[in-house]
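S.K.: Build me a model:
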Amino acid sequence: MADVKRTMKLQIKAGEASPAPPIGPALGQVGINIGEFVNQFNEATAEMGDDLVPVVITVYEDRSFDFELKSPPASSLIKKKADIESGASDILNETVGTITQDQIREISERKIDDLSANDLEAADKIIAGTCRSMGVEVK
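M.R.: Below you'll find the model as predicted:
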């Protein structure tokens, strides 16, 4: 492999990558084959439903690339579990939904590799903190 030219981070809905903006222009700037990336990404994420998937793309000098899929952002997983559209605009005075401790554990188990937590209990606390910052009550 050639030397690394650039590393990019994007968030794309699983199975829905397309050459249209904003993905196409972002990839085109670094000179990689947009269609090839779209096909590989959609194939790799076909089983993930409609989750938002962070992807780290490493582009090499010879225009080849690799990509690494991350777990969906905690906020999008929380919104799904709490069945809400968005977080609260005023978290001190507004609660937009509730989430149970079991749901927090499910999210923690899915996100543990991407969190800076040593164990599941610490991951639960991180996810619960994200819930509070979104105006979602933990029960």
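S.K.: contacting residues for the residue lying closest to residue 125 once chain neighbours are set aside?
M.R.: The spatially closest residue to residue 125, leaving aside those adjacent along the chain, is residue 117, at 7.9 Å (CB to CB, 6 or more residues apart in numbering). For glycine as for every other residue, the C-beta is placed from the backbone atoms N, C-alpha and C. When contacts are counted by CB atoms under 8 Å, 6 or more residues apart in numbering, residue 117 is found next to 108, 123, 125, 126.
S.K.: and whichever helix in the chain runs longest, how far from the chain's centre?
M.R.: Ranked by residue count and defined by DSSP state H, the top helix of the chain is helix 120-134. For helix 120-134, the distance from its own C-alpha centre to the chain's C-alpha centre is 16 Å (CA atoms, centre = their mean, to the nearest Å).
S.K.: Now do it: which elements does it pack against?
M.R.: With contacts taken as 3 or more CB pairs under 8 Å, 6 or more residues apart in numbering; DSSP states H and E, helix 120-134 sits against helix 74-82, helix 101-111, strand 136-138.
S.K.: Run through the protein and note the low-pLDDT ranges.
M.R.: Of all residues in the chain, those with pLDDT under 70 make up the ranges 1.
S.K.: Name the residue closest to the centre of it, please.
M.R.: The structure's the chain has its C-alpha centroid closest to residue 72; by CA atoms, centre = their mean the separation is 2.9 Å.
S.K.: The nearest residue to that residue once chain neighbours are set aside: what's it in contact with?
M.R.: Across the structure, with CB to CB, 6+ apart as the measure, the residue nearest residue 72 apart from its sequence neighbours is residue 51 (4.3 Å). Under the criterion of CB under 8 Å, 6+ apart, the contact list for residue 51 reads 13, 14, 72, 76, 77.
S.K.: In three-state terms, how would the third one be classified?
M.R.: For residue 72, the secondary-structure state derived from DSSP: H, G, I helix; E, B strand; the rest coil is coil.
S.K.: got it, and residue 17?
M.R.: Following three-state DSSP, residue 17 is assigned to coil.
S.K.: Touching, it and residue 23? I think so.
M.R.: Yes: with the criterion set as CB atoms under 8 Å, residue 17 and residue 23 qualify as a contacting pair; they are 5.8 Å apart.
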